[in-house]
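# Sequence plus the predicted model coming up.
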Amino acid sequence: MNKIKWIIFDLGGIIVTEIGPLINHKIANVLNVSDEKLKEIVSKFQRQITTGSMTLLDMYYIITKELSVQISANYLLQEHLNEYRMLGINHNADIVNFIETLRKKYKVACLTNVETEIADICRETGLYDYFDRTFLSTELKMQKPDLEIYSKVLEELRCEANEIIFVDDKIENVIAANNLGIYGLHFSNLGQLESDIVKVCNGFRK
């Protein structure tokens, strides 16, 4: 039986606060539409944004045309990024410390769905520095929970599926990892995560 070699973390909702709805609310107010209306429009572009074939700026350009508003796409982008900088650049110190502890025994990576411009901010603020490897959807041109992105990570790490623990706060991403034989753990809080990781790793010693 193989031992755990890598522990892979999602970022939003674990290390950084999940602020998508707050950004959506801010932009909806600027556009004078409901949160639900903007969410419906943005959802049409979600895959393109997170797989890197479209930037947030591209999306906002299309949205301004679709809504026929006299607001520039650049202005909307800056409002989006300003909101992220204000709310999303604080890193959960307890999770960060836990990752540092894990790195004494394991390699640690992150795998995240992210927009191009947000990835730039995360890089600038050191979010990716906590990890031995960083896997971004925009760079891989794939997104969770598609199975191909997990397969690509396994290939890059040169690992078998059962040598990896994957942690995500979205159950659909965890299920996808489990379907490939990866030890997917659904994150709810740090105490639960510590317990779950211990259980998986102790299983190899039985």
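Okay, I see it.
# how much space between the residue nearest to R47 when sequence neighbours are not counted and E124?
Nearest non-adjacent residue to R47, counting by CB to CB, 6 or more residues apart in numbering: Q143, 6.5 Å away. The way it works is simple: take the backbone N, C-alpha and C, and place the C-beta from them, glycine included. Relative to E124, Q143 is positioned 22 Å away (CB to CB, to the nearest Å).
# before we move on, back to that, doesn't the residue nearest to R47 lie inside a strand?
No. Q143 sits outside any strand when classified using DSSP: H, G, I helix; E, B strand; the rest coil, being coil.
# Ranking helices and strands of the protein by mean pLDDT, which lands last?
helix 190-202 (a mean of 93; mean pLDDT, DSSP states H and E).
# how about it: buried residues?
Within helix 190-202, the residues that count as buried by 16 or more other CB atoms under 10 Å are L193, D196, I197, C201.
# so who does the spatially most central residue of the chain touch?
The centre of the chain sits closest to T112, judged by CA atoms, centre = their mean, with a distance of 3.0 Å. Listed by CB atoms under 8 Å, 6 or more residues apart in numbering, the contact set of T112 reads D10, L11, G12, F135, L136, S137.
# and what of K199?
By CB under 8 Å, 6+ apart, K199 has no neighbours at all.
# Over to L136?
By CB under 8 Å, 6+ apart, the contact set of L136 is T112, V114, A119.
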